[in-house]
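Provide a 3D model corresponding to the input given below.
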Amino acid sequence: MRDRLLSKHLSGDDGHAIQRAYLMEFPDRRLRREHIKRTVTARWITIEDGGRVSAVEQVLIWLHDPEWNRKERRFTTRTA
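Residues are numbered from 1 along each chain as shown. As a prediction, the model looks like this:
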């Protein structure tokens, strides 16, 4: 997932969630990437099982309901 975040979301095209989040504020892609590098942080944990990586990603997105990912939402209701 680390590789995906760094190579696709940070360096990817304007369709990726984090790129969309800052597109209006930073229309210049180079300036946007620099801003993201300076202001966005992540915490990394190691998960060896590829299937578990995908499941953890989906649960974290569901729990945090990040505004940036709402275009790609897979879970629509929350249960407490």
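
where does the protein dip in pLDDT?
1, 4-9, 12, 69-80 (pLDDT under 70).

give me that answer again for 80
Along the chain, segments meeting pLDDT under 80 span 1-17, 42, 66-80.

which stretches in it count as strands?
Using DSSP state E, the chain contains no strands.

and the helices in it, which stretches?
2-4, 17-23, 29-39, 50-64 (DSSP state H).

quick one: buried residues of the second one?
Read it as helix 17-23. The neighbour-count check on helix 17-23 (16 or more other Cβ atoms under 10 Å) flags Ala17, Ile18, Gln19, Ala21, Tyr22 as buried. Every residue, glycine included, has its C-beta placed from N, CA and C.

need the contact list for the fourth one.
If you count contacts by Cβ atoms under 8 Å, 6 or more residues apart in numbering, Ala21 has them with Glu67, Trp68.

circling back: tell me the most buried of the helices of the chain?
helix 17-23 (a mean of 17; mean count of other Cβ atoms under 10 Å).

then that helix to PDB, C-alphas only?
Written as PDB, here are the backbone C-alpha positions of helix 17-23 (Å, rounded to 0.1, in the frame of the first residue of the first chain):
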ATOM      1  CA  ALA A  17      -8.300  11.100  -4.400                       C
ATOM      2  CA  ILE A  18      -5.500  13.200  -2.900                       C
ATOM      3  CA  GLN A  19      -4.900  14.900  -6.300                       C
ATOM      4  CA  ARG A  20      -8.600  15.700  -6.500                       C
ATOM      5  CA  ALA A  21      -8.600  17.000  -3.000                       C
ATOM      6  CA  TYR A  22      -6.000  19.700  -3.800                       C
ATOM      7  CA  LEU A  23      -6.800  20.300  -7.400                       C
END
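
any figure for the gap between Val59 and Asp65?
Distance, Val59 to Asp65, using Cβ to Cβ, to the nearest Å: 12 Å.

over to Gly50?
Gly50 is 25 Å from Asp65, by Cβ to Cβ.

the helices of the chain: which one's closest to Leu10?
Judged by Cβ to Cβ, the one of those that comes nearest to Leu10 is helix 29-39, at 6.0 Å.
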